[in-house]
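based on what follows, work out the 3D shape:
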Amino acid sequence: MIDDWWAVHDEHTTAILAVRRVDVRTLNEMARARRQVAGELGEEIRVGEKTFSIGDRVIFERNQRVREVDRLDRGSGTGLVRIRNGTFATVVGVIDPAGGDPAHNVRTREGDVTLSQGDVARTDELEAIHERDAHREPAPALVVELDDGSRAILPRGYAEHSTSLGYALTVFRSQGITVDHAFGLGGDALFQEAGYTQLSRGRLSNNLYVAAPDCPRWEVGHLSEDTTQRDHLDALVEALSSSREQIMAQDHLPSRPSPLPDDLDAIYRQHADLGRWLAEHAPTDRTDQLAESWNRDYKARTAGREVQDNGDELATLAQEQRQRNDWVARHQHKVTTWSQLDGTIRRYEYRLGQAAAFARPEYVTHLLGPFPERITESERWQVAAGAVEAYRSRWSIAGEATIESQPTNPEQRAHWDAMAATLASAGFTSPGGTSGQEADALWLASLWDRVRDLDRVRDEANLERVAAGAP
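Here you go, the predicted structure:
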């Protein structure tokens, strides 16, 4: 891999890629050692735990403003240049602080860059930099040449903590760059997305090299052939077939395509018939009455007032609620079916409401008023608009035709009542000036969503406690 890189590195742009940082560090040292043996690198400089040489290719890992040598020499500009995370440069010199403050009249050993005292004290920002440097232990400062030809001085802290050798880099950092030749390292750390990135960075060639895994993943059985290591190419194929794509939570939700018009009409009809049956046959829900009675007694005890003796009433309510829960359990299939139909209709109307909020047709704004700016009000407006649009679409009401009069067709009248109840629940006056109370029996069926989600075991325990008069 390093041999192939060496053959083209002098005349072409290159990138050596690996998934793991430890592999990147090893490859960087191997490439740097190859250049040292060939005499391409100059004097070696140690900055903290890192070592650089004149001629080394480096990569920056953090945005920073640093002193620009060329601009200072010309006596123009602010003397600062911004270096950006992920960009490259070449080490061309080192400033030796032995002769004094490195900001004053110092020449690089091999970069031949002169800094004058008058040029460096231009701005408050530069003065702050010099003041920090004055209190720091003297250390060599790197001079680098950026890809645009300008030269900059890297502070010791930046060179030590935010600069690395740039011959090899991780696959993640290589995203977005393009070179002439790319050399990718395979192995047990490779996966599908990383392999695709490695094989798409080069203009002229993309090369992928297979490496034996650190921990070979084969099983040892009782037969001698079971101890044979799996072929490396098979391992590479398996790695490139393994995806680590990160998927957003909403992408895990099941796909819910919009129903077809004919299916939609059947859904509305079945939803209305089943909702009507549930509303007519279901025992009364006593949950709110039980909660109100319990809260009233609790407040009385907390305030030190006498608690009214309503044990018989609570026992009766508890018994009725228990009977309701039993009824719900026996008709769970119908309740679930109605809830699924209701969810389909709500999603359909929600999409129509979103479209109406964007298009804002005149027949909707005439009925509901202009689209509000506040989020809470806009949500209610979209709910009501979706119900209106669904009604008009199902019954082929086009143009500016009004929907304020109640239809005579019983099935259409049922849909009209449901739409009126939706508008009323969203805070709008229902069409025709009614409050939508005639559709309450149908609309109250939506409470089954809450009933279905109740924990029956918990309810039974609470009801038994209330019936026994426990606080």
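
which parts of the stretch 201-350 of the chain are helices?
232-241, 261-281, 287-303, 311-330, 332-359 (DSSP state H, counting those that start in this stretch).

give the rounded mean pLDDT of the first one.
The predicted model gives helix 232-241 an average pLDDT of 74.

and residue 419, how many neighbours?
Neighbourhood size, residue 419 [other C-beta atoms under 10 Å]: 25. Heads up, the C-betas are built off the backbone N, CA and C, glycines and all.

helix or strand: which one has it?
According to DSSP states H and E, residue 419 maps onto helix 410-425.

now that helix: buried residues?
By neighbour count with 16 or more other C-beta atoms under 10 Å, helix 410-425 contains the buried residues 414, 415, 416, 417, 418, 419, 420, 421, 422, 423, 424, 425.

again with stretch 45-53
When neighbours are counted by 16+ other C-beta under 10 Å, the buried residues of stretch 45-53 are found to be 45, 47, 52, 53.

next one: stretch 30-48
Of the residues in stretch 30-48, 31, 32, 34, 35, 41, 42, 45, 47 count as buried by neighbour count, 16+ other C-beta under 10 Å.

if we only consider the buried residues of helix 410-425, which is nearest to residue 174?
Nearest to residue 174 among these, counting by C-beta to C-beta, is residue 422 at 53.5 Å.

flag the shaky bits of this structure, pLDDT-wise.
Confidence mapping of the chain against pLDDT under 70 gives the ranges 70-78, 96-140, 212-233, 250-258, 261, 402, 404, 429-471.

okay, now the domains of it?
The record assigns the chain these domain ranges, following automatic domain parsing: 2-180, 261-449.

kindly reformat these as TSV containing distance to residue 211.
Output for the domains of the chain, formatted as TSV (distance: least, C-beta to C-beta, whole Å):
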stretch	distance to residue 211
domain 2-180	9
domain 261-449	50
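
mind putting the buried residues of helix 410-425 into JSON lines with distance to residue 340?
Shown next, in JSON lines, are the buried residues of helix 410-425 (distance: C-beta to C-beta, whole Å):
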{"residue": "414", "distance to residue 340": "19"}
{"residue": "415", "distance to residue 340": "19"}
{"residue": "416", "distance to residue 340": "23"}
{"residue": "417", "distance to residue 340": "22"}
{"residue": "418", "distance to residue 340": "17"}
{"residue": "419", "distance to residue 340": "21"}
{"residue": "420", "distance to residue 340": "24"}
{"residue": "421", "distance to residue 340": "20"}
{"residue": "422", "distance to residue 340": "19"}
{"residue": "423", "distance to residue 340": "24"}
{"residue": "424", "distance to residue 340": "25"}
{"residue": "425", "distance to residue 340": "21"}
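
ok, so of those, who is nearest residue 208?
Checking the buried residues of helix 410-425 against residue 208 by C-beta to C-beta gives residue 422 as the nearest, at 58.8 Å.

tell me how far the closest one lies from residue 165.
Residue 422 sits 65 Å away from residue 165, going by C-beta to C-beta, to the nearest Å.

and what of residue 34?
Residue 34 is 12 Å from residue 165, where distance means C-beta to C-beta.

what does residue 47 give?
Distance, residue 47 to residue 165, using C-beta to C-beta: 12 Å.

thinking again about what came up before, so can I have a markdown table of the helices of the stretch 201-350 of the chain showing distance to residue 405 and mean neighbour count?
A markdown table is the format used below for the helices of the stretch 201-350 of the chain (distance: least, C-beta to C-beta, whole Å; neighbours: other C-beta atoms under 10 Å):
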| stretch | distance to residue 405 | mean neighbour count |
| --- | --- | --- |
| helix 232-241 | 63 | 15 |
| helix 261-281 | 20 | 15 |
| helix 287-303 | 35 | 13 |
| helix 311-330 | 38 | 15 |
| helix 332-359 | 21 | 16 |
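
quick one: closest of the ones you listed to residue 158.
Per C-beta to C-beta, nearest to residue 158 of those: helix 232-241, 36.3 Å.

how far off centre is the closest one?
Its chain's C-alpha centre lies 30 Å from the corresponding centre of helix 232-241 when counted by C-alpha atoms, centre = their mean, to the nearest Å.

mind giving me the packing neighbours of it?
helix 192-198 (3 or more C-beta pairs under 8 Å, 6 or more residues apart in numbering; DSSP states H and E).

circling back: and the helix holding residue 419 with helix 332-359, angle?
70 degrees (axes from the mean of the first three to the mean of the last three C-alpha atoms, to 10 degrees).

by contact count, what packs against helix 410-425?
Counting by 3+ C-beta pairs under 8 Å, 6+ apart, helix 410-425 packs on helix 261-281, helix 375-394, helix 440-443.

reformat those helices as a markdown table; add distance to residue 64.
Shown next, in a markdown table, are those (distance: least, C-beta to C-beta, whole Å):
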| stretch | distance to residue 64 |
| --- | --- |
| helix 261-281 | 60 |
| helix 375-394 | 40 |
| helix 440-443 | 63 |
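
those: which one's closest to residue 10?
Among the helices and strands packed on helix 410-425, helix 375-394 comes nearest to residue 10, with 60.5 Å by C-beta to C-beta.

how far out from the middle of the chain is the closest one?
The chain centroid and the centroid of helix 375-394 are separated by 29 Å, computed with C-alpha atoms, centre = their mean.

which residues are contacting stretch 358-378?
The contact list for stretch 358-378 (C-beta atoms under 8 Å, 6 or more residues apart in numbering) reads 356-357, 381, 384-385, 388-389, 392, 399-404, 423, 428, 431.

which ones among the buried residues of stretch 30-48 map onto strands?
Under the assignment DSSP state E, those contribute 45, 47 to strands.

okay, strands next: where are they in the stretch 51-200 of the chain?
Using DSSP state E, counting those that start in this stretch, the strands assigned to the stretch 51-200 of the chain run over residues 57-60, 64-68, 80-83, 88-95, 141-146, 151-154, 163-165, 168-170, 179-185.

residue 335 is nearest to which of these?
Minimum separation from residue 335 across the strands of the stretch 51-200 of the chain (C-beta to C-beta) falls at strand 168-170, 54.0 Å.

just checking: what are the partner strands of that closest one?
strand 14-18 (parallel) (DSSP bridges).

between the strand it pairs with and strand 88-95, what angle do the directions make?
Per the same axes, to 10 degrees, the angle that strand 14-18 makes with strand 88-95 is 100 degrees.

give me the neighbour count for residue 374.
9.

try residue 79
Residue 79 has 24 neighbours, counted by other C-beta under 10 Å.

what distance do you get for it to residue 65?
Look at residue 79 and residue 65: by C-beta to C-beta, they are 10 Å apart.
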